[in-house]
Each structure stands twice: as C-alpha cells, then as structure tokens.
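# Following is a predicted model, sequence given first.
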Amino acid sequence: MTKVKTRFAPSPTGYLHIGGARTALFNWLFARHHGGKFVLRIEDTDLERSTRESVDAIFEGLGWLGLDWDEEPEYQSRRTDIYLDHIDRLLKEGKAYRCYCSKEELDEKRAQAMAEGRKPKYDGKCRERGDQPGNRPFTIRFKAPTTGVTAFDDMIKGRVSFENSELDDLIIARTDGSPTYNFVVVVDDATMGITHIIRGDDHLNNTPRQILLYEALTYTAPEFGHVPLILGEDKKRLSKRHGATSVTAYKDMGYLPHAMINYLARLGWSHGDQELFSIDELVKYFDSDQIGKSAGIFNPEKLLWLNAHYIKESSNDSLAELIRPIIEDGGQNLADGPDLASLIAILKDRVKTTTELAEMAKSYYLEDIEIDGAASTKFLTLETNEILKALASGMEMLAPFDENEVERFFKEFIAEKGLKMNKVGPAVRVALTGGTASPGIFEVIAILGKDKTVSRINRAIR
RNA sequence: GUCCCCAUCGUCUAGUCUGGCCCAGGACACCGCCCUUUCACGGCGGCGACGGGGGUUCAAAUCCCCCUGGGGACGCCA
C-alpha cells in the first residue's frame, strides 16, 4: 500500500472556523494514524477575497491546536503554470473546448431552468462548434460524458453514484484565463500525490466531476471521504450567526486546545463509549471506519465540560503560565499576593475556562476588595463585628500561619466562644473574598497570608 | 424544483456491516440525594430515543421498499 498523504486545503478568506478545524483534525489524525504525511494547500485562486491575514489566522489556529504539517504549504496562486499546462493538454486532446456563451446568457438560462423545475445545467451550446471567433471572450469547458454513471466508494458514505447525464460541462478556465476550483483541486491533489481526501460533504456533488477530470488527465483518483457537516443549534450549517465559530475565539475565551481537539474528534467520530482521549490515543484509534454519516450539531456545553475537565487535569504551573499575563495586564502585581500556582491549586476545580480562573485569581492580589452588597447585609452584622474583631486579633498572633494552624485556631476559637462554624465561616468568607462562594475558608486564609487576612477582616468591620 | 447524502434520548454517540446477548448502553445538559462552613469538584440516582408505514424472518434499532423529515449541491466562489 502506498504511503498515506492527506491535506487540508483552506481558502484564506477568513479565520479558521470550527468546521475547517475539524476537517483539518481528521486529515491530520488519519495521516498520523497511518504513519503518513499531512500537508497544507492554500486555495487562494480567488485573489479578490484572499488575504495574507487570513493565511496567518489559519496558521495560528492550526498551530494552537497542535496540528503540525509536514511540507512547505503550497499556494495555488504560485502554481498557475502547472494548471495552464494541464488545460492545454485537455484542449489539445479534444477533451476541453472554448465556450463563447456570455455570463448573462448563462444566468438567464439557469434562472429559466429553475423556474421550469429542471436542474440548471449548461446546455452544451458551444460543445461542438467549429469556428473560433477570435475577438470574443471565451471560457474553457471540460467535455464531460453525457451518458453512463460515475460512481465511487466513499470511505465514509459508502458507494455513491451519479448519472453522468446529471453533470454538465464545467468551466475549467475563466474568461481571463485563470483556472477554476474544481479543476485546480484535481491537478493539485494529483500532482501533490494526495492519497486520501477527507473533506466536508458539501463537496460530495463535486466528486463525480473531479473523478471525470482525473480520468481525462489520466491520473489515478485518490480515495475520498466525505465528512458530514457541523450544524448550528438551528440545524443550519454552522456560520457566524451561531456566535463564536473561530477556533482562536475559543482560545481567547479561555479554552484549552486539548479540549477543542477532544470535542471536535468526538463530533462525528467515536471509539465505543470513550469520551476522553489524549492526543496519542486519538492518533492510535482514529480511522475512517468509525466516522459517522450524519451531520452533527455543535454543542458548546459539552465543549465547556471538556474544558473544565482538562483544566483540572492541567498542572498548576502550566495554568499559571497561561493566566499570568492576563492578571498582569489587568494591572495587578503578582508580587503583591500569593504564589500563583498555589492559588490555582485551590481555584481550578471551580472554573470552566482559564479566563474565569484569571478573573477569580485577581482578587487575591488586590489591596482592597469590593464587597457584594447583598452578601454584606446578610453576613456582616453587628453581631459578627465582635466575632471578626476577636478573630483578627487572635490571628495576628498565629505562627506558623498555615492551613492546619488556622484551622486549629478556628476550632479552638468557636469552642471557646460557644459558637458554631456556620456563624463564623460565612462572615469571614464575605470579608475575605467579597462574596459568598470561595474555596475552603482555611485555604483562603492560608493563601492570602496573615497581612491581607487581618486587614481585610478589619476593613469589613462596620 | 432537480440531483446527492442522512435519519437511535434535547445534544454528541454505542449498537446497524456479521438480525437474537438491546422492553436499547455511555457522555453533555437538566433534576434529586450524598459529601460539605459556602461555591465548586466528586460519588450515587432520576428524566429521556430506535421518525411513520409496509414487508422478509421463529426473531428487526439492525435487512428490503415506500413515505416523511433534515442537510447539501446545482457559480466564470472555494
């Protein structure tokens, strides 16, 4: 068997979106699983819409996800000569012809066909014309068979077949001489030695035309695998309307690449009941036979759950690396508070994104915290004033000031005063964190340190 | 409209190829209980699906047909 070579071929007209990312992932996984190569091809033949920024955004997205590629990326805009050669070949062999029909004429016929309930397709008007009116603009069309069947065995969908009579003579070169998509993909995939094409099933209808082109060009067609599309909640094709659809947007919102990879892999592919996969496991298990045939709906909640999971699994140090800049950008000086990694240790079970983690961590570096109004009225009362005072002065003497010692002190304190923990805990929590939700109170005190603890408690006394 | 593809809990899915082990399993979400000074985490439990109709068969979520529903394509875009 020849060595597997897959490709991801985005057109640089925007960012890397969720759907594209999954296609890239499947190609990457397939190549890695089979010990083959994964390459990139930038489909920038549409000069109007293609931008350098988009190319960078796509590279950035892939890089963030950890999808590395094996060769220098190809750019279609630099391969014009190759395409022109192939068009010439077809023309010389009589497998393509010049079409002088105008765009307007074509549009009109298309509209009419639709109106009459027919499938709009080129009527072959210029197919057999012998003359070549030199001064009129023309496109070049591929002369496709009008009878017979074009069928192929899709890796995902199984056998798919089309009547050739359904197909028409597609334009392979525009009036300005530039080659069109369906033609260049074939030339590219053939000349780049791509063995397996895994792409969205919106390309399923293009496949028979492309196969015909492979045949005309006497190239062997690769294997095709058409992955069902990812839909939005309204079951429509995922688009900007559905909110965040760019992978980098998720990076910015505090998602971990591993969570995104895991989520995307499981959307449309499965390995029994397993939900959580390391990258190595994905490479080990991934193959085309377990890819589902039906479209899936993008479910942000499951992604979020995976993110929370991988945050818990991440080391405190790696999370610290991620959120340190966010906290510092917020104006906080990390030297003014606890060791960030230690703080993360008590916080990370309570967040679903790293953004949230950073947000939560911030208050531990603040000199002055803002106390939630409702929490204050409920838990900071005249009665608690006395308790807090005594607590603060008591803790002032504490040494060492660690979690165990603090806990021992509290237990002793409430026993002495005949109090219950639920009388003291909430008040201290509100004083220290400004709210009613936080890690264990002893953990908070220990991590805050004596100075901040005492001063925050004193400040909370009314 | 025409062609192509698809159809299991709200969602992602296992099971379908190789019919019986499935009055359908897992996960997210949701609800409840437990753990707990709070919020989370975690543990336990609950809710919840084979789109409909015909066949084939001793037996169908699984095979066949029709219907319905959904998606995609129909560009001198990719």
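Arrived safely, thanks for sending.

# Next up, phi/psi of A:T150, please.
Per-residue torsions, A:T150: phi -110, psi 120 (degrees, to the nearest 10).

# I'd like to know how many residues surround it.
Look at A:T150: counted by other Cβ atoms under 10 Å, it has 20 neighbours. Yep, even glycine has a C-beta here, placed from its N, CA and C like the rest.

# How about the secondary structure of the nearest residue to it once chain neighbours are set aside?
Closest residue to A:T150 apart from its sequence neighbours, by Cβ to Cβ, 6 or more residues apart in numbering: A:P208 at 4.0 Å. Assigned with DSSP: H, G, I helix; E, B strand; the rest coil, A:P208 falls in the helix class.

# swap in the one 3 residues further on?
Taken by three-state DSSP, the conformation at A:I211 corresponds to helix.

# Tell me which residues touch the residue lying closest to it once chain neighbours are set aside, please.
Closest residue to A:I211 apart from its sequence neighbours, by Cβ to Cβ, 6+ apart: A:A221 at 5.1 Å. Counting by Cβ atoms under 8 Å, 6 or more residues apart in numbering, A:A221 touches A:F152, A:Q210, A:I211, A:Y214, A:E215.

# tell me which parts of the stretch 251-400 of chain A are close to RNA strand B?
When proximity is defined by Cβ under 7 Å from any atom of the strand, the stretch 251-400 of chain A lies next to RNA strand B at A:266-270, A:272-273, A:275, A:290, A:292-297, A:299, A:301-302, A:304-305, A:308-309, A:312, A:349-351.

# What's the ChimeraX syntax to select whichever of these are buried?
Command for ChimeraX that selects the buried part of those, burial taken from 16 or more other Cβ atoms under 10 Å:
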select /A:266,267,268,269,296,304,308,309,351
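
# circling back: neighbours around the residue nearest to A:T150, how many?
Counted with other Cβ under 10 Å, A:P208 comes out at 21.

# Strands - which of the residues of the stretch 251-400 of chain A next to RNA strand B land there?
Judged by DSSP state E, strands contain the following of these: A:G296, A:I297.

# okay, which residue is most central for chain A?
Of all residues in chain A, the one closest to the mean position by Cα atoms, centre = their mean is A:V247, 3.5 Å from it.

# So what's the predicted local confidence for that one?
For A:V247, the pLDDT comes out at 94.

# tell me the contacts of it?
Contact analysis of A:V247 by Cβ under 8 Å, 6+ apart lists A:Y15, A:L16, A:H17, A:I18, A:A21, A:G61, A:W64, A:L65, A:M260.

# Look up the closest residue to the first one, ignoring the ones flanking it.
Spelled out, that is A:Y15. A:S246 (4.0 Å).

# quick one, what contacts that neighbour?
For A:S246, the contact set (Cβ under 8 Å, 6+ apart) comprises A:G14, A:Y15, A:L16, A:H17, A:I18, A:A57, A:G61.

# Just the CA coordinates for the lengthiest helix in chain A, please, in CSV.
When chain A is parsed with DSSP state H, its longest helix is helix A:441-460. In CSV, the C-alpha atoms belonging to helix A:441-460 read as follows (Å, rounded to 0.1, in the frame of the first residue of the first chain):
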residue,chain,number,x,y,z
ILE,A,441,-12.1,29.2,54.2
PHE,A,442,-8.9,27.9,55.8
GLU,A,443,-7.4,27.5,52.4
VAL,A,444,-8.3,31.1,51.5
ILE,A,445,-6.8,32.4,54.8
ALA,A,446,-3.6,30.5,54.4
ILE,A,447,-3.1,31.5,50.8
LEU,A,448,-4.0,35.1,51.5
GLY,A,449,-1.4,35.3,54.3
LYS,A,450,-1.6,37.0,57.6
ASP,A,451,-1.4,40.6,56.5
LYS,A,452,-4.1,40.5,53.9
THR,A,453,-6.3,38.3,56.0
VAL,A,454,-6.2,40.6,59.0
SER,A,455,-6.5,43.8,57.1
ARG,A,456,-9.5,42.6,55.0
ILE,A,457,-11.2,41.4,58.1
ASN,A,458,-10.7,44.7,59.8
ARG,A,459,-11.9,46.6,56.8
ALA,A,460,-15.1,44.6,56.9
